[in-house]
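Visitor: Provided below are the primary sequence and the corresponding predicted coordinates.
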Amino acid sequence: MVSSPIPTLESERLILRPFRPSDFEPMAAFFADPVSAYYGGPCGREDAWRKFAVYSGHWLLRGYGPWALEDKASGRYVGLTGLWYPEGWAEPEITWALVPGAHGKGYATEGARRALQAAYEDFGWTTAVSVVSVHNPASQAVAQRLGATLEREITYRHGQANLYRHLGLAQLISDGCIGDRQTS
């Protein structure tokens, strides 16, 4: 169980922070959009609320979880990234999702890279994966930009997915994939 507040982290352009009630509207738009099919949608507002509430609950039950992604320059909520391991999941995962209008700016890669660093340095993970739908080439590209390699195809709640294995901490540092920690 989480015994301290959810940490706030930073990357060059993003703040990874706890979710706020005001983040729900953009998440409801995300879950109404067909792009959310790779993330358990599309769905209506009531189901979107339940999915949204799970992110904060994950922190309470696991001691880690996803963060809200906020663009530093505009203060705009752009999506989520973080540590994810719900019951029945293959293994602890680095996850990401962007709200409509936030795609194509590198937010997913930047945020997930910072989350991966936190998984290893702050939460003691020794390995991590990302589960990406076989029909989601944009997220497959994010996993590859993070240095993850395709390990195998799996069946999960939403269909067929590729399980990508992330590099370990020593390799990420050696390859220059992660830099100086920025936490607050």
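Guide: Cool, the structure landed.
Visitor: what helices or strands is the helix ranked longest in the chain leaning on?
Guide: Identified as the longest helix of the chain according to DSSP state H is helix 45-62. Packed against helix 45-62, as judged by 3 or more CB pairs under 8 Å, 6 or more residues apart in numbering; DSSP states H and E, are the following elements: helix 24-32, strand 77-84. C-beta coordinates here come from the backbone N, C-alpha and C atoms, glycine included.
Visitor: What strands flank the last one, and is each parallel or antiparallel?
Guide: Sheet pairing of strand 77-84 (DSSP bridges) gives strand 66-71 (antiparallel), strand 93-98 (antiparallel).
Visitor: Backbone torsions only: list them for the closest residue to residue 165 other than its chain neighbours.
Guide: For residue 165, ignoring the flanking residues on the chain, the nearest one in space by CB to CB, 6 or more residues apart in numbering is residue 151 at 4.6 Å. Here is the backbone geometry of residue 151 (degrees, to the nearest 10): phi -100, psi -50.
Visitor: Surely residue 151 and residue 128 touch.
Guide: No - the pair formed by residue 151 and residue 128 falls short of the contact definition of CB atoms under 8 Å, at 11.7 Å.
Visitor: Need the residues touching each of the two.
Guide: With contacts taken as CB atoms under 8 Å, 6 or more residues apart in numbering, the residues that reach both residue 151 and residue 128 are residue 165.
Visitor: Between the two, tell me which one has more neighbours.
Guide: The residue with more neighbours, out of residue 151 and residue 128 and counting by other CB atoms under 10 Å, is residue 128; that gives 26 against 12.
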